[in-house]
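**Q** Predicted model and sequence follow; I will ask about them next.
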Amino acid sequence: MLRFFTLCCLFAALGGLSLAEELRLNDYLTVFQHSDHNIVQGHGTDEKTYQLLCDFRRDNLAGTPVELYYIGKNEEQYVADPLGFYWKQHAEKGRFSEEAGISLIPVAKPENAQIVGVAERDILVPQRSRIHVIDTPGMTRNSVSYYVDIDGKRTVFCGNLIYGDGQLVNLYDLQDAMPVPNVGLYHGYMARGLKVIASLEKIKALKPDRLIPARGPVIENPNEVIDKLIGRLRAVYENYLDTSALWWYFPDSMTPAARLFSGKADIQPDEIRRMPQAKLYEKPPWFLEFATTRIIVSENKSAFVIDSVGKATAEHLDKLIADGTICSVEGIYITHYHWDHTGVIPAIVEKFQCPIYCDENMGPILEYRDNFHMPCRDSQEFKTQHFQTMKWHEFTLTSHFFPGQTLYHGALHIAKEGERPIFVIGDSFTPTGIDDYCLWNRNFPGDDEGYLFCLEKIRKMEPQPLLVNQHVSPPFEFDEERINYMVNALKERRKILATLFPYASPELGNGVGFGVDSIWARLEPYYLSWESLKGEPPEIRLIVRNHADKPLSFFVDWIADDGKQQSELLFRDVPPHGEQTQKFRPLSRVPQPGTVITAVVRCSEIPSLEIGVETMVGHSR
Ligand SMILES: [Zn+2]
């Protein structure tokens, strides 16, 4: 068996200069391992040095610079012209609310290098290593793999398709549209897992002796670990479907999705395990519905509005005033920041001169939009007020933190003497289960976080309220049986995910959240206006969330404006399931508009745990 051995070579990689390990496959092809990354480099008959990139991800570019980079032809532009092809557009089009982000896009073309797009059936360096290219989409949409036959052994360089013992580096990068009706990008929970499975099966059919992924250890038992990973991906999806809210929204799409993921083309709806639907109820007469808007009408015809879908809500309120249903709007409560719940809010408050309320955890994303990179975030900014409990005419209104559909989410409890209370939960649950389909919404999996927190909150409410999701017309009820069902399913998913991520085992602290939280480390603001710098280098906040059960420390690695690698242990002992914020001054000069500032945050204790962070400098928008 070939083994890595340590070379005292200078390795200009993520963590600055350090030791690299080297696995020499033949005289012309070598794998350098540095800080969990495997960099495959070689040289051809013309002695030109080259590197094999399976996908565009920025971390693949670590390593000693070479003269030529091979990459799948459909991802070539991300490396050849990342500013023009991606970042410029990203900033100009304000794509800060995208429904499925793309991690680790490079920020610059490697200097003095040639970028060559490759495709299936290409054979690279035919006189020497004879490297075959195959298309293997998965962690990115157009990734490729390469294989070589050396000394009778077949080695596949498979990028981020697999890690170690049948694992994956994260789940959030698999968010995508699904090839079944009505499952778009936003609702496509781990949809590209289907591509991962197909690509792994394709690699298995090559009968490889060894896999060398982009990260982690060399895999000497390919068939076994591929089967393990496919089994785990299917188990996660089966668990996800069990309590999915989408059975309510897209009932016709879920069985095809189950068929695709399970690999069983003839599976019937009654063979798919799922929570029995919750009981439905009628709305009380004082509770009006219009699109995602709900309106509480008091006996004196004052109105309290919950969420606004946009101009149509404003027009509907005018109509209710004109026909005498309501006489005024005295307040607006926003359940969450998504554009379909905050449309034209400034115009409504201008007209009715009423306050905007929300849960205090959501205030920042409504007031400082450019600090955040979250799906469906609205482009408006407005000031909000917060309350815990408020008497409003004959109603008692209580605002709750409710990190359901997204982390920044509230819910409004409405109690009226002698009636069953109503709990308006935004988009967090439907009668069939949980709205956890968008991995970029940050659903934390811990016991006191995310959906488990929300379910325990509902369980403790006395009397049991009727639940209202604004995309679901009838109120519904989660009884003890359904709450237990969902709690058990979520805990079961956490167990499966703990086997899927290399950093989430019990010994390492159960950090499952790192694999489903696309921004466990982030720079704030996400978009920095050049005008606000006033001639000073930027000072940005770097925020790290520790999803493990034990304290962890984190390095930040970045390239300073003198081109030198920097590395600093900026976060010491971030508490379990807690956050730490540090000031971060990555540059000593004022960056020009169009600059993308990036860094890598990596865990000091767990080498497989790292994430890229970024912020853009542009003109005021
Ligand atoms: Zn919504």
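**A** All right, it came through fine.
**Q** What separation do you get for Gly404 and Leu452?
**A** Gly404 sits 11 Å away from Leu452, going by CB to CB, to the nearest Å. The C-beta positions use only the backbone N, C-alpha and C, and glycine is treated the same way.
**Q** okay, these two: which has more neighbours?
**A** Per other CB atoms under 10 Å, whichever of Gly404 and Leu452 has more neighbours is Gly404, with 28 against 20.
**Q** dump the residue contacts of the more buried one.
**A** Listed by CB atoms under 8 Å, 6 or more residues apart in numbering, the contact partners of Gly404 are Ala411, Ile425, Gly426, Asp427, Ser428, Phe429, Ile434, Asp435, Asn443, Gly450, Tyr451, Cys454.
**Q** Which ones among these lie within strands?
**A** In strands, judged by DSSP state E, the following of those are found: Ala411, Phe429, Ile434.
**Q** Can you tell me the closest non-neighbouring residue to Met362?
**A** Excluding the flanking residues, the one nearest Met362 by CB to CB, 6 or more residues apart in numbering is Tyr408, at 4.6 Å.
**Q** thinking the one you found is in contact with Met374, fair?
**A** Yes: under the criterion of CB atoms under 8 Å, Tyr408 makes contact with Met374 at 7.1 Å.
**Q** Identify the contacts common to those two.
**A** Joint contacts of Tyr408 and Met374 (CB under 8 Å, 6+ apart) are Tyr337, Ile365.
**Q** Now do the same for the residue lying closest to Gly231 once chain neighbours are set aside: its pLDDT.
**A** Computed as CB to CB, 6+ apart, the closest residue to Gly231 that is not its neighbour in sequence is Gly166, at 7.7 Å. pLDDT for Gly166: 98.
**Q** Can you tell me how far Gly166 is from Glu201?
**A** Remark: distance between Gly166 and Glu201 (CB to CB) = 14 Å.
**Q** sorry, back to before: got a PyMOL select line for the buried ones in the contacts of Gly404?
**A** Buried residues within the contacts of Gly404, by 16 or more other CB atoms under 10 Å, are selected in PyMOL with:
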select buried, resi 411+425+426+427+428+429+434+435+443+450+451+454
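**Q** who are the neighbours in contact with the residue nearest to Gly231?
**A** Here Gly166 is in contact with Glu224, Val225, Ile226, Asp227, Lys228, Leu229, Gly231, Arg232, Thr499 (criterion: CB under 8 Å, 6+ apart).
**Q** Number of residues surrounding the first one?
**A** Using other CB under 10 Å, the number of residues around Glu224 comes to 12.
**Q** so is it in a helix, a strand, or just coil?
**A** Assigned with DSSP: H, G, I helix; E, B strand; the rest coil, Glu224 falls in the helix class.
**Q** ok, the residue nearest to Ala521 when sequence neighbours are not counted - how many residues close by?
**A** Nearest non-adjacent residue to Ala521, counting by CB to CB, 6+ apart: Val601, 3.9 Å away. For Val601, the count of nearby residues is 23 (other CB under 10 Å).
**Q** Helix, strand, or coil at Val601?
**A** strand.
**Q** can you pull out the helices in the stretch 51-200 of the chain?
**A** All helices of the stretch 51-200 of the chain, identified by DSSP state H, counting those that start in this stretch, fall at 76-80, 82, 88-92, 193-205.
**Q** which residues are contacting the shortest one?
**A** Read it as helix 82. Applying CB under 8 Å, 6+ apart, the contact partners of helix 82 are Ile105, Pro106, Val107, Ala108, Lys109.
**Q** hang on, the last one packs against Tyr86?
**A** Okay, so that is Lys109. No: counting by CB under 8 Å, Lys109 does not reach Tyr86; the two are 11.8 Å apart.
**Q** where does the residue nearest to Met362 land on pLDDT?
**A** Tyr408 carries a pLDDT value of 97.
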